[in-house]
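Student: no FASTA, just this:
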RNA sequence: GGCGCCAUGGCCAAGUGGUAAGGCAGAGGACUGCAAAUCCUUCAUCCCCGGUUCAAAUCCGGGUGGCGCCUCCA
């Protein structure tokens, strides 16, 4: 039942037919956060992309087992904890909670498993021991190092050459500059666990190999993460897992998302100090805005971030939601084809587009998850709806004609999580959040509108227009509709 | 220096052989007391130079420019 799809594989640098290890099942491992700070909009891109990907695969009939880890033992966490005089594990716990808040606020599904390094020490020790036993790792001064030269395929994912890496500093008992730590001997002020080689803590890469194996087995169907993790992190995971499992393939498809870039072209990164936290973004914009912003570009492309990014995404999203609302308001019943024939080409067009949308959506997403293409199709549908709804007779009888379009919106929601929020609720959230961002209250607006209404009744157009202008200067747009006066916040 | 990715209108962006989806912004029009929303019209030959082909944004070669990784990073 699971529908076939194609996916770009970083390992082959081509789009390939997806063939799972077991028919109908997808084991997906995604590198999660190192929890020493809040989740920023760059991380969130990866989170939303893989969340959407999982929703889509399930929508298409795949049984997906989704694992996303927390790295809660790490140099950066320890450093931050020492700065704050806090216990590292306590600090990472705080940020795990904060991450869950952000993830929930973004409307992300919880993965099936969210393993933590601190709770996976047994698995890590076992894999490390296995690597030593098989001659791929060695002990030096209480630390364990992976011997890169024992793995002939090293560098295949990233194109790095062992010869060039070798020249790096071979400190701390490393035999080669290319070698990397599986286990780090304890240092003062650092958390440590007992091990056969003395107290210490896991190296950076071993965690993912161990956690992926314990949840998904030796071979993972799809392993995801940011493009910046290709080297060294994912390269080292391959080395550890394949050497630790006697050469068994670790990952069938490597799926890497592109990074968020600043208008300057630089990526957004904690080390560059140019981050926007999810918490801040969501205070000003509904979560759906963020999702649309991420999905409007192909997942592998860089995505530009700027002042106008979210306002523009909100304008796009509002257009879709409003078209949906327009369609929902159409009434009547009967045979859609017959009504459409009677009502003319605009009716026939929206009926046809609505019916075609599921197939077009699937075609776009089945080909390397092309969300950008899929969105383009959706906007065409929105325009067709609006055009049709402009017909006078559509209001009372057009319902059946737009029924497939409305079903298509539901399909989008199920398949991607986009437009999943009820229309009215979304439009209200837009108002609430944008007003808060602008520092305007509903009461002020209502008062001004009452003032204007009095002027209009008196046909004092100059006074009425003055109020309109005043509100517009505060980014509030007044709309005189047949049903009454409405207002909205200017979006861009 | 090594490895890799990319270069489409004012901005964002889809598009792997047959003469350029979509969004945002702009202009004109319909509608409106005026507006807004909506609809209609309008706005690109795809970085440059060669090559392959009946035909290239799309393939090949060479430039130029940008970015990612090579140290922590989604």
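Tutor: Arrived safely. Computed from a prediction, not measured in an experiment: that's the story for all the values here. Numbers count the residues shown, from 1 in each chain, chains lettered A, B, ... in the order given.
Student: what helices and strands are in contact with the longest helix seen in chain A?
Tutor: Looking across chain A with DSSP state H, the single longest helix is helix A:345-366. Using 3 or more CB pairs under 8 Å, 6 or more residues apart in numbering; DSSP states H and E, the elements in contact with helix A:345-366 are helix A:336-343, helix A:371-389, helix A:399-416. C-beta coordinates here come from the backbone N, C-alpha and C atoms, glycine included.
Student: who wins for proximity to RNA strand B among these?
Tutor: helix A:371-389 (2.2 Å; CB to the nearest atom of the strand).
Student: from the chain's centre, how far out does the helix or strand following that closest one sit?
Tutor: As assigned by DSSP states H and E, the chain's next helix or strand after helix A:371-389 is helix A:394-397. Relative to its parent chain, helix A:394-397 has a centroid offset of 39 Å by CA atoms, centre = their mean, to the nearest Å.
Student: coming back round to it: need the helices and strands packed on helix A:345-366 in TSV with mean pLDDT, can you?
Tutor: Formatted as TSV, these follow (pLDDT from 0 to 100):
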stretch	mean pLDDT
helix A:336-343	96
helix A:371-389	96
helix A:399-416	97
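Student: mean neighbour count and distance to RNA strand B for the ones you listed - can I get that in JSON lines?
Tutor: JSON lines is the format used below for the helices and strands packed on helix A:345-366 (neighbours: other CB atoms under 10 Å; distance: least, CB to the nearest atom of the strand, whole Å):
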{"stretch": "helix A:336-343", "mean neighbour count": "16", "distance to RNA strand B": "15"}
{"stretch": "helix A:371-389", "mean neighbour count": "20", "distance to RNA strand B": "2"}
{"stretch": "helix A:399-416", "mean neighbour count": "20", "distance to RNA strand B": "13"}
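Student: what would those look like in JSON lines with distance to residue A:231?
Tutor: Output for the helices and strands packed on helix A:345-366, formatted as JSON lines (distance: least, CB to CB, whole Å):
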{"stretch": "helix A:336-343", "distance to residue A:231": "55"}
{"stretch": "helix A:371-389", "distance to residue A:231": "26"}
{"stretch": "helix A:399-416", "distance to residue A:231": "31"}
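Student: ok, which of these comes nearest residue A:259?
Tutor: Closest of the helices and strands packed on helix A:345-366 to residue A:259 is helix A:371-389, at 16.5 Å (criterion: CB to CB).
Student: run the angle between that closest one and helix A:399-416 for me.
Tutor: 160 degrees (axes from the mean of the first three to the mean of the last three CA atoms, to 10 degrees).
Student: which helix or strand contains residue A:223?
Tutor: Assigned by DSSP H and E, residue A:223 belongs to strand A:220-226.
Student: okay, the angle between the next helix or strand after that strand and strand A:220-226?
Tutor: For strand A:220-226, the following helix or strand on the C-terminal side (DSSP H and E) is helix A:235-244. Computed with the same axes, to 10 degrees, the direction of helix A:235-244 lies at 160 degrees from that of strand A:220-226.
Student: give the other helices and strands that helix A:235-244 contacts.
Tutor: helix A:121-133, strand A:143-146, helix A:206-216.
Student: can you do 10 Å?
Tutor: Helix A:235-244 is packed against helix A:121-133, strand A:137-140, strand A:143-146, strand A:180-185, helix A:206-216, strand A:220-226, strand A:251-257, with contacts defined by 3 or more CB pairs under 10 Å, 6 or more residues apart in numbering; DSSP states H and E.
Student: show me which residues of the one helix or strand residue A:447 maps to are buried.
Tutor: Using DSSP H and E, residue A:447 sits in helix A:442-457. Of all the residues in helix A:442-457, those buried under the rule 16 or more other CB atoms under 10 Å are A:445, A:448-449, A:452, A:455-456.
Student: do stretch A:474-488 as well
Tutor: For stretch A:474-488, using 16+ other CB under 10 Å, the buried residues are A:476, A:478, A:487-488.
Student: what do you get for stretch A:198-206?
Tutor: For stretch A:198-206, burial by neighbour count (16+ other CB under 10 Å) applies to A:200-206.
Student: what's the closest of those residues to RNA strand B?
Tutor: For these, the nearest to RNA strand B is residue A:204 (5.4 Å; CB to the nearest atom of the strand).
Student: isn't the closest one up against residue A:77?
Tutor: No: with contact defined as CB atoms under 10 Å, residue A:204 does not reach residue A:77; the gap is 11.3 Å.
Student: can you tell me which helix or strand of chain A has the lowest average pLDDT?
Tutor: Least confident element among the helices and strands of chain A, by mean pLDDT, DSSP states H and E: helix A:162-166 (a mean of 81).
Student: filter the buried residues of stretch A:474-488 by proximity to RNA strand B?
Tutor: Filtering the buried residues of stretch A:474-488 for proximity to RNA strand B by CB under 7 Å from any atom of the strand leaves A:478, A:488.
Student: how near is the nearest residue to residue A:148 once chain neighbours are set aside to RNA strand B?
Tutor: Leaving aside its sequence neighbours, residue A:148 sits nearest to residue A:178 (CB to CB, 6 or more residues apart in numbering; 4.1 Å). Here the criterion is CB to the nearest atom of the strand, to the nearest Å. By it, residue A:178 lies 8 Å from RNA strand B.
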